[in-house]
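Participant: need coordinates for the following:
(2 chains)
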Amino acid sequence: MDLSRLSELDACTWTYPASAAEGRRESRLYGTRELVAAMDDKVLEQIGNVARLPGLVGAAMAMPDAHWGYGFPIGGVAAFDPEQGGIISAGGVGFDISCGIRCLRTGLAKGDILRVAGKLSDALFRDIPAGVGEEGPVKLTIPELDRVLKGGARWAVAEGYGEEDDLEFVEDHGCAKDADPSCVSGLAKSRQRGEMGTLGSGNHYLEVQCVERIHDAEAAAAFGVAEGQVVVSIHCGSRGLGHQVGTDYLVSLAQAATRLGIALPDRELACAPIRSPEGEQYFGAMNAATNCALANRQMLAHVTREVFRRFFRDAAVETLFDVSHNTCKPETHEVEGRRRTLFVHRKGATRAFGPGHPSLPARYRAVGQPVVIGGSMGTGSYILAASPTSEARAFSSASHGAGRSMSRNAALKRWHGRQLVDELAERGIIIRTRSMRGVAEEAPGAYKDVEVVAEATERAGLARRVALLRPLICIKG
Amino acid sequence: MSETRGTFEHGADFGVFGRGPDPASAFREAAHAMFALMTDPDAVQPLQAIAFEFEEADLEIALVRYLNGLLSHAADRKLALGRFALARSGAHWKAAAQGEPWREGLERGTGVKGATLTMLSVRNDNGTWDARCVVDV
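Facilitator: So this is what the prediction gives:
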């Protein structure tokens, strides 16, 4: 990225000043000089386009892991005020609505896993449907799916997929209350019938990880993690239903924007005013898809727990936290001394409520919300805790991943899946996958250094590092 | 002669393109390129068929609607697709495709979630139509 177009506010904050001539408000990019300089110029173009949308409050923002996306950049955050003509954008959420990470702590030690690693990998790979074309064992009727779309993870627990205690540690206690299944097309529901409890493909994964290093002992104690302990991270979203909701509303909102006189700098930013029939319909459908994702991750967590208990009968596999990173949520934030309800879009960005936030579980309230930065299958991931300054800095948002540094096409030219799997095995990391091509696209070298991104997230005042996780087993979608 | 279909660079996902003597031909080639991200279309047996129609006067939006229609119907029927047909009469588009249920032995690539409006273009370059957009994977 051409840094001459930006001004450096501090060591990890950059501003792309507003331009009245271009009808563009300020954009703010978080990251070190090196991270921001390495971002594609498209990130600036895309976040600048977001800053042209009606009703934006404050600045449009890019997190330290930002990279070129579609519509919004991945790592994009923007808040809109419904009382000021603010919009809701299908392009600001993306196709994989409520994609996120469920993190489980196991109470097990690395040595426990190493003794059974091969068999545990095989069992997880057999019981977790992963990859393109794979279906789950559960086939739901449309009325049953409507209950999923209303109930989210609560539906799953009520159906026997998991434990009541899980729900306290899931965003919104496992259920998006504004879901309206009547706003979801029949085709979207039909697509989902065989996809509940599936991982999907692309960058989705289930990873068994070991806590290698603790950065913040107080937060680690609150989160129940310690050095040498094993956790499991599950990264996936709303599957076919969410993809179809995205598809259905992308074109209809682009057409609505034209009809309503909203000048879209990029058609992918398809949107409508929050307070419009089109905006309200999308909001109802998006929340239904969010519940689909929450139920899906709950089911996958349940299957994971069952597999672990086959190997470790007394293992306490508990939900550490579950949070989405492709969402638009109504939240109350303080802006210029006034509490306002804003619709915060996070596309590839994690909600990060700081210490004391009333919605957090009592166990975490003093230290802040857990934030998971998922890295690559060969390097590592981070658990962080939302910083007290995350609200003022970025409407309580933080990074969601390492962020790609290389395109999939370039990765395919550079790496072969089989070779990567063998190399990782030599380093003690077991990969199970149906797609060697997918492994090559997701090569560790195609991602930014997760340690650099996590450190920048901390220095930017978004979330502070708690624990570094190293992969032991990866079930690759 | 330039390639009739393939992928182009995008930071996070894939761009797909197709080329042909008319828009419908270019769209079919783009569909082939998109499904090639998921599996080898030439290895897919034409055992089941899907068909759908739509009205769209805007050529660029028509490309996105066509690609997303294929993705939706293929996903709904749990099919891998390998053969594509598309006919256009003004703003009316009539699409068909053939494939088979996913099975062991079919190469697994990366699932496509949807065709986007990003880098979307349908244009005529000296008599050859080029249709392209970014798809989310």
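Participant: please make it C-alpha for all contacts and neighbour counts, starting now.
Facilitator: Noted.
Participant: end-to-end on stretch A:408-421?
Facilitator: Terminal residues of stretch A:408-421 are spaced 17 Å apart (CA to CA, to the nearest Å).
Participant: list the contacts of that stretch.
Facilitator: Stretch A:408-421 is contacted by residues A:430-431, A:435-443, A:446, B:7-14 when judged by CA atoms under 8 Å, 6 or more residues apart in numbering or on different chains.
Participant: residues contacting the most centrally placed residue in chain A?
Facilitator: The structure's chain A has its C-alpha centroid closest to residue A:325; by CA atoms, centre = their mean the separation is 2.8 Å. The neighbours of residue A:325, taking CA under 8 Å, 6+ apart as the test, are A:98-100, A:346-351, A:400.
Participant: try it again at 6 Å.
Facilitator: A:99-100, A:348-350 (CA atoms under 6 Å, 6 or more residues apart in numbering or on different chains).
Participant: tell me how far it lies from chain B.
Facilitator: Distance of residue A:325 to chain B, computed by CA to the nearest CA, to the nearest Å: 16 Å.
Participant: repeat that for residue A:190.
Facilitator: Residue A:190 is 6 Å from chain B, by CA to the nearest CA.
Participant: in three-state terms, label the residue nearest to that residue when sequence neighbours are not counted for me.
Facilitator: With sequence-adjacent residues excluded and distances taken as CA to CA, 6 or more residues apart in numbering or on different chains, residue A:190 is closest to residue B:76, at 6.2 Å. Here residue B:76 is recorded as helix under DSSP: H, G, I helix; E, B strand; the rest coil.
Participant: and residue A:83, by the same measure?
Facilitator: Assignment for residue A:83 (three-state DSSP): helix.
Participant: what about it, neighbour count?
Facilitator: 13 (other CA atoms under 10 Å in any protein chain shown).
Participant: all helices of the stretch 151-300 of chain A, in order?
Facilitator: Secondary structure of the stretch 151-300 of chain A (DSSP state H, counting those that start in this stretch): helices at A:153-158, A:164-167, A:186-192, A:217-223, A:239-259, A:277-311.
Participant: meant to ask about chain B, not that
Facilitator: For chain B, the helices defined by DSSP state H occupy B:23-35, B:59-77.
Participant: which of those helices sits most buried?
Facilitator: helix B:23-35 (a mean of 26; mean count of other CA atoms under 10 Å in any protein chain shown).
Participant: that one vs chain A: in contact?
Facilitator: No: Helix B:23-35 does not reach chain A (CA under 6 Å from any CA of the partner chain); its nearest approach is 11.3 Å.
Participant: quick one: mean pLDDT over that helix.
Facilitator: Averaging pLDDT along helix B:23-35 yields 98.
Participant: the residue nearest to residue A:190 reaches residue A:193, doesn't it?
Facilitator: No: the pair residue B:76 and residue A:193 fails to qualify as a contact (CA atoms under 6 Å) at a distance of 8.6 Å.
Participant: returning to that earlier point: adding secondary structure and distance to chain B, write the contacts of residue A:325 out as TSV.
Facilitator: Formatted as TSV, the contacts of residue A:325 follow (DSSP: H, G, I helix; E, B strand; the rest coil; distance: CA to the nearest CA, whole Å):
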residue	secondary structure	distance to chain B
A:99	coil	12
A:100	strand	15
A:348	coil	11
A:349	coil	15
A:350	strand	18
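Participant: elements contacting the worst-scoring helix or strand of chain B on mean pLDDT?
Facilitator: Counting by mean pLDDT, DSSP states H and E, chain B has its least confident helix or strand at strand B:114-115, which shows a mean of 94. Helices and strands touching strand B:114-115, by 3 or more CA pairs under 6 Å, 6 or more residues apart in numbering or on different chains; DSSP states H and E, are helix B:59-77, strand B:128-136.
Participant: any of the contacts of stretch A:408-421 buried? List them.
Facilitator: A:430-431, A:435-443, A:446, B:7, B:10-14 (16 or more other CA atoms under 10 Å in any protein chain shown).
Participant: residue A:333 contacts residue A:339, correct?
Facilitator: Yes: Residue A:333 lies in contact with residue A:339 (CA under 6 Å); the separation is 5.4 Å.
Participant: look at those two and report which has more neighbours.
Facilitator: residue A:333 (19 against 11).
Participant: and residue A:115, how many residues sit next to it?
Facilitator: When neighbours are counted by other CA under 10 Å, residue A:115 comes out with 10.
Participant: for it, which three-state class applies?
Facilitator: helix.
Participant: how about the contacts made by it?
Facilitator: Contacts of residue A:115 (CA under 6 Å, 6+ apart): none.
Participant: and the gap between it and residue A:312?
Facilitator: 11 Å.
Participant: ditto for residue A:477
Facilitator: 25 Å.
Participant: of those two, which one has the most company?
Facilitator: residue A:477 (31 against 17).
Participant: and the gap between the more buried one and residue A:437?
Facilitator: Computed as CA to CA, the residue A:477 to residue A:437 distance reads 11 Å.
Participant: likewise for residue A:466?
Facilitator: For residue A:466 relative to residue A:437 (CA to CA), the value is 33 Å.
Participant: in whichever strand or helix holds residue A:333, which residues are buried?
Facilitator: Secondary-structure element containing residue A:333, defined by DSSP states H and E: strand A:326-335. Within strand A:326-335, the residues scored as buried using 16+ other CA under 10 Å are A:326-330, A:333.
Participant: quick one: contacts of that strand?
Facilitator: A:93, A:97-99, A:339-348.
Participant: for residue B:105, state which of the residues you listed is nearest.
Facilitator: residue A:99 (29.1 Å; CA to CA).
Participant: for that closest one, which non-adjacent residue is spatially closest?
Facilitator: With CA to CA, 6+ apart, the residue lying closest to residue A:99 is residue A:237, at 3.6 Å.
Participant: list the contacts of that neighbour.
Facilitator: A:96, A:98-99, A:293.
Participant: one more time with 8 Å
Facilitator: Counted by CA under 8 Å, 6+ apart, residue A:237 has contacts A:96-100, A:199, A:293-294, A:296-297.
Participant: before we move on, the earlier item: sort out for me which of the contacts of stretch A:408-421 are in strands.
Facilitator: In strands, judged by DSSP state E, the following of the contacts of stretch A:408-421 are found: A:430-431, B:7-8, B:14.
Participant: closest to residue A:34 among those?
Facilitator: Looking across those and measuring by CA to CA, the closest to residue A:34 is residue B:14, at 25.6 Å.
Participant: so what sits opposite the closest one in the bridge?
Facilitator: residue B:135 (DSSP bridges).
Participant: so how far is residue A:238 from residue A:288?
Facilitator: 9 Å.
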